[in-house]
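What shape does this take:
(2 chains)
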Amino acid sequence: MAGLLVYLRFLIRRERLSSSLWIILSLVFTAGLVYVYPSLFEDQVNMRDMLDLMTSPAMLALMGPAYDTESLTVMMLYSGEISIFVMVSLAVMNIFFVVRHTRNDEELGRLEMISSLPVGRVTTATATFLLAVLVNLLIALPTVLAIVIIQVEGTTLMGAVAYTLAIFSVGLFFAAVALLTAQLFSTARGASGGALMVLGLAYIIRAYGDMTGSLLSATPPIGLGLQSFAFLSDRLWPSLVNLALALLIAGLALLVCARRDLGQGVLPARPGRSQASTALLSSLGLTWQLTRNLVMVWSLVLFLTAALYGSVIGSITDFVSTNPLYLQIVAGGIDAASTLTDGYTALLFLIMTLLSVIPVINITNHVLSEEKHGRLEALLSRSVDRRRLLLDSILIAFLVSVCAQLICAFGMYVAAAPSGLVDLQTLLMASLVYLPAIWVFIGIGVMLTGLAPRLSFLIWVYYGYAFVIVYIGRMFALPKWLPRTVPFGNVPQIPVDDFSLLPLVVLSVIAVALCAIGLWGFKQRDIQ
Amino acid sequence: MPDIEINGLVKRFGQVTALDGIDLTVEAGEVRAFLGPNGAGKTTTIRCLLGIIKATSGSVHMFGQDAWKQAVELHRRVSYVPGDVNLWPNLTGGEIIDLFLSLKGEKLADRSRRQHYLERFELDPSRKCRTYSKGNRQKVALVAALVSQADLYILDEPTSGLDPLLEKVFQDCVIELKEQGSGVFLSSHILSEVEKLADTISIIRAGKIVESGSMAEIANKAQGRSLEEFFLAEYQKEA
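Below is the predicted model of the structure:
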């Protein structure tokens, strides 16, 4: 362990910015949510409706076991709905944190230089884990304080401690898992992939347990952590078990680390194809190969999200009808069963569209990201036309936009059909009507790629603006022209609005024009 | 018709003048070495040649055609090794070699030439690029360029990261290209390599060509000094 303190100081210096950011963000997130949570519910009846909503199979799978109590408090709802989300984000943070300082540094050859100094074999791994403990503590302690200070209905010190210890122990558990996978895999990608796989499995197994009501519900670490039932039972032992497991895994990781060669993993790297498949042998094939994982993951996310929203269509109307705020958002204040379902459907596809735009923008920006990585030169020095290269991404982005909207419609239909409240044709219409608005985002991305590659972040600024306008716009009476400044605000919201063709044609024309400008610019400019 | 003909090439990036009136010719089938200190404009010149960046003024031609306007067609006859090899981390070396050949419009049917170069450079094509060392990434780029049959090879510091044995293999390959009658434009820092391979030399400093001529002419100008001493003097000379 020679040099542990010196190396730890060095790590803290490297981490001061990004870890501070995580600490501040998670604190702002927790404090902000605790602060607004009471205002989300109208009264005890409304809170009961929310609890009923959380006992539906889809919600159980997503959020974990619902609180079983007669005297429901706001903090119980908070803990029941937010815990798992915070656990997963902290797990992801810890995984990337640990891999960044272990296998990633090793892969880049930095650890080799450190190892040539009088530094112990497991010093860097130990220092990384200790710093992970420190960062998690710096998130946990202020979280307890924030919850206690903000004091809403149901806040107790023991509850705050139980809640925080649960998320802390899950975070640390995955820091330990990542420390282990960093020893097993020989690449940073393999190490973080392996740890994320453990996270996914832990989540899915406990989701299955929650839906079937079996013991698997308490699968460590997430399912076990949720057994704390903070602000009701305030159990500490599940978190302590998680912490013990974390220490065990970390110890195992250090044991492996002490015995293996630097630069090597325990699991061998798998060889790939030594010849290209014919599908790869064109710029379109290459673009597809490089974007298809993204497309697959997003397809799954969109389908599951749409199905989740669809599955609660029956119980959501009950919940909404007892809450004036949501009634305003969903149905413009009118409380009639049919209007509510229609309003919910229209709102759902607006939200789903905001999601499906994300992969479309990512793929549109593919050429730009290749340029930033210095890989465009290798293609353009072969016999590849620039506009063709950009058109390939446009084509894939276009196809993804259509598929995404179809997936949203079918995802909702599959889950909502048993309720008898929806029909497929309406859902398809409500979903596909947003396509021209999505295409405008393709156009903006292409235009920025062609004319102003350095300003490419503007597309995300505009997306953020659209997001806010669309969301806030439903809660407040904004001036009528304001939603018109974003593509989604010009689309007829089916089934609430009547279908009209003109705005869709105008949006499509704008999208095509922006693409044309971008292609022209891309032909003219220097490649970095 | 010369393989490369550059006249009065100027390239500005905003206020900065990177190339300040470059004149340079590579005759058909000759090996021209392109030398100069770091930051002198070697890579910028090559990027203009490849139509990746656009000349501010002056003309850049390959095989008599405009390098910017006819870039796509010209690249069927050109093979290029970049100085800084950036590859896709999750594709294998073999996949990238095939992709590059195919993007040049070449048939992949004849595998013997590919196999020949893979063996010569001792490259394992089944590994993902993420797991290659710097030298191995360089080999991927070299094999991809050499397998392809071109009239002109543009090589930007192609041997950085190679060991002396492979450096020798590379030199043999260039000599074979020359025997085939292909032109080679070789940017390099390694004087022994240049001495062995080049027919003609151009030296660039601060965006200007400061010396140009055949090996014999350069030896004459060196007046008994070694090539290394001559170059050091040229690099340091005031503009």
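
what does the domain assignment say about chain B?
When chain B is parsed with automatic domain parsing, its domains come out as B:1-77+B:151-160+B:174-239, B:85-149.

Now the longest one: average pLDDT?
Computed over domain B:1-77+B:151-160+B:174-239, the mean pLDDT rounds to 91.

same thing with stretch A:484-501?
Mean predicted confidence for stretch A:484-501 is 90.

What are the buried residues along it?
Buried residues in stretch A:484-501, defined by neighbour count with 16 or more other Cβ atoms under 10 Å in any protein chain shown: A:V486, A:P487, A:F488, A:G489, A:N490, A:V491, A:P492, A:Q493, A:I494, A:P495, A:V496. To be clear about C-beta, it is placed using only N, CA and C from the backbone, and glycine gets the same treatment.

same deal with stretch A:92-112?
Applying a neighbour-count criterion of 16+ other Cβ under 10 Å, one finds A:92-107, A:111 buried in stretch A:92-112.

Ok, stretch B:132-145 next?
Under the neighbour-count rule (16+ other Cβ under 10 Å), stretch B:132-145 has B:Y132, B:N136, B:R137, B:Q138, B:K139, B:V140, B:A141, B:L142, B:V143, B:A144, B:A145 buried.

again, but for stretch A:146-153
Buried residues in stretch A:146-153, counted by 16+ other Cβ under 10 Å: A:A146, A:I147, A:I150, A:V152.

quick revisit: among the buried residues of stretch B:132-145, which are within reach of chain A?
B:A141 (Cβ under 8 Å from any Cβ of the partner chain).

pLDDT and secondary structure added to the buried residues of stretch B:132-145, as TSV?
Putting the buried residues of stretch B:132-145 into TSV (pLDDT from 0 to 100; DSSP: H, G, I helix; E, B strand; the rest coil) gives the following:
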residue	pLDDT	secondary structure
B:Y132	87	coil
B:N136	92	helix
B:R137	92	helix
B:Q138	93	helix
B:K139	94	helix
B:V140	95	helix
B:A141	94	helix
B:L142	95	helix
B:V143	95	helix
B:A144	93	helix
B:A145	94	helix
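
Give me every residue in the stretch 201-350 of chain A lying close to chain B.
Residues of the stretch 201-350 of chain A lying near chain B (Cβ under 8 Å from any Cβ): A:269, A:271-277, A:280-283, A:285-286, A:289-290.

which of those residues has the most neighbours?
A:L286 (26 neighbours; other Cβ atoms under 10 Å in any protein chain shown).

just checking, it touches A:L280?
Yes - look at A:L286 against A:L280 with Cβ atoms under 8 Å: they come within range, at 6.2 Å.

Can you name the residues that contact the most centrally placed residue in chain B?
Most central in chain B under Cα atoms, centre = their mean is B:L155, positioned 1.7 Å from the mean C-alpha point. Contact analysis of B:L155 by Cβ atoms under 8 Å, 6 or more residues apart in numbering or on different chains lists B:Y80, B:V81, B:A145, B:V184, B:F185, B:L186, B:S187, B:S188.

For chain A, see how far away it is.
12 Å (Cβ to the nearest Cβ, to the nearest Å).

That residue pairs with what?
Note on B:L155: beta-bridge partners B:V81, B:L186, judged by DSSP bridges.

measure it to A:F349 for me?
In this structure, B:L155 and A:F349 are 55 Å apart, going by Cβ to Cβ, to the nearest Å.

Could you do A:G464 as well?
For A:G464, the distance to A:F349 (Cβ to Cβ) stands at 20 Å.

between these two, who's got more neighbours?
A:F349 (29 against 10).

which of the residues of the stretch 201-350 of chain A next to chain B has the weakest pLDDT?
Comparing these by pLDDT, A:A269 comes last, at 69.

export the helix or strand harbouring B:G21 as PDB, just CAs?
When elements are assigned from DSSP states H and E, B:G21 belongs to strand B:16-26. Coordinates of each C-alpha in strand B:16-26 appear next as PDB, following Å, rounded to 0.1, in the frame of the first residue of the first chain:
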ATOM      1  CA  VAL B  16      -3.300  32.200 -39.400                       C
ATOM      2  CA  THR B  17      -1.500  31.500 -42.700                       C
ATOM      3  CA  ALA B  18      -0.700  27.800 -42.600                       C
ATOM      4  CA  LEU B  19       0.600  27.500 -46.200                       C
ATOM      5  CA  ASP B  20       2.100  30.500 -47.900                       C
ATOM      6  CA  GLY B  21       2.400  29.800 -51.600                       C
ATOM      7  CA  ILE B  22       3.500  26.200 -52.000                       C
ATOM      8  CA  ASP B  23       4.900  24.900 -55.300                       C
ATOM      9  CA  LEU B  24       5.400  21.200 -55.600                       C
ATOM     10  CA  THR B  25       5.400  18.600 -58.300                       C
ATOM     11  CA  VAL B  26       5.600  14.800 -58.100                       C
END
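
can you tell if that strand touches chain A?
No - against chain A, strand B:16-26 shows no contacts by Cβ under 8 Å from any Cβ, the least distance being 10.9 Å.

buried ones in the helix or strand bottoming out on mean pLDDT in chain A?
Within chain A, no helix or strand scores below helix A:324-331, which has a mean of 71 by mean pLDDT, DSSP states H and E. For helix A:324-331, the neighbour count (16+ other Cβ under 10 Å) marks A:Y326, A:L327, A:Q328, A:I329, A:V330, A:A331 as buried.

and it, what other elements does it pack with?
Other elements packing on helix A:324-331 under the criterion 3 or more Cβ pairs under 8 Å, 6 or more residues apart in numbering or on different chains; DSSP states H and E are helix A:313-321, helix A:337-364, helix A:458-475.

try it again with 10 Å
If you count contacts as 3 or more Cβ pairs under 10 Å, 6 or more residues apart in numbering or on different chains; DSSP states H and E, helix A:324-331 packs onto helix A:44-54, helix A:313-321, helix A:337-364, helix A:458-475.

how about these in JSON lines, adding mean pLDDT?
Below are the helices and strands packed on helix A:324-331 laid out as JSON lines (pLDDT from 0 to 100):
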{"stretch": "helix A:44-54", "mean pLDDT": "83"}
{"stretch": "helix A:313-321", "mean pLDDT": "74"}
{"stretch": "helix A:337-364", "mean pLDDT": "87"}
{"stretch": "helix A:458-475", "mean pLDDT": "82"}
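
and among those, the most buried is which?
Mean neighbour count (mean count of other Cβ atoms under 10 Å in any protein chain shown) peaks for helix A:337-364 among these, with a mean of 21.

Helix or strand next in line after it, which one?
Beyond helix A:337-364 on the C-terminal side, the first helix or strand identified by DSSP H and E is helix A:366-372.
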